[in-house]
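Enquirer: here is the input, now give the coordinates:
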Amino acid sequence: MKKSQIAWMSCLLVLGTALFCAWAGQDAFVYDDHGKRDPVWPLVSSAGNIINYDKEFQASDLKIEGIMLGVSGQNLAIINGQIVKKGDLLGSLAVTEIGKNMVILKQGEQKFELKLNKEE
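Expert: Residues are numbered from 1 along each chain as shown. Model (predicted):
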């Protein structure tokens with residue numbers, strides 16, 4: 001290879017490295033759903049029903065994916081890919097309690113208890 005080709009390739013390598021470092025230093029991307037359904041949520045429940053996230057959830061369509069216990073009872077739960085805390089709404093279902101292995105939801109006067117399925 002000629003010296004000019006080596007110099008040119010070296011410049012490209014330095015430029016590429018600088019661009020990669022600048023790109024890697026950016027803040028993490030956070031998806032803004034603008035109040036709409038998250039695109040990774042399922043469209044059909046395990047029972048074969050179409051899920052309408054905008055209007056109504058059925059407690060049977062919800063699944064706890066994880067629970068994070070916080071300080072002073074400020075617990076969080078991941079339900080169908082959405083992080084919720086006490087007082088949040090999942091459609092018309094209100095999160096009333098998050099415990100170590102369960103989440104209690106309320107719709108009107110009805111209460112629903114979702115249990116965390118532990119993998120063994």
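Enquirer: where does pLDDT dip in this protein?
Expert: When residues are selected by pLDDT under 70, those of the chain lie in 1, 21-29, 31, 35-37, 45-57, 119-120.
Enquirer: and the helices in it?
Expert: Secondary structure of the chain (DSSP state H): helices located at 3-24.
Enquirer: distance check, residue 16 against residue 2.
Expert: Between residue 16 and residue 2 the computed distance is 21 Å (Cβ to Cβ, to the nearest Å). C-beta coordinates here come from the backbone N, C-alpha and C atoms, glycine included.
Enquirer: who's more crowded, these two?
Expert: Neighbour comparison, residue 16 and residue 2: the larger count goes to residue 16, with 10 against 7 (by other Cβ atoms under 10 Å).
Enquirer: can you name the residues that contact the more buried one?
Expert: Residue 16 makes no contacts at all, as judged by Cβ atoms under 8 Å, 6 or more residues apart in numbering.
Enquirer: identify the bridge partners of residue 102.
Expert: Beta-bridge partners for residue 102, by DSSP bridges, are residue 115.
Enquirer: my guess is it contacts residue 115, does it?
Expert: Yes. Shown here, residue 102 and residue 115 form a contact pair, counting by Cβ atoms under 8 Å, at 5.0 Å.
Enquirer: which residues do these two both contact?
Expert: residue 64.
Enquirer: between those two, who's got more neighbours?
Expert: residue 102 (14 against 10).
Enquirer: how about that one, what does it touch?
Expert: 64, 113, 114, 115, 116.
Enquirer: top of those by number of neighbours, please.
Expert: residue 114 (20 neighbours).
Enquirer: turn the contacts of residue 102 into JSON lines, columns for distance to residue 76.
Expert: Shown next, in JSON lines, are the contacts of residue 102 (distance: Cβ to Cβ, whole Å):
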{"residue": "64", "distance to residue 76": "11"}
{"residue": "113", "distance to residue 76": "17"}
{"residue": "114", "distance to residue 76": "14"}
{"residue": "115", "distance to residue 76": "17"}
{"residue": "116", "distance to residue 76": "13"}
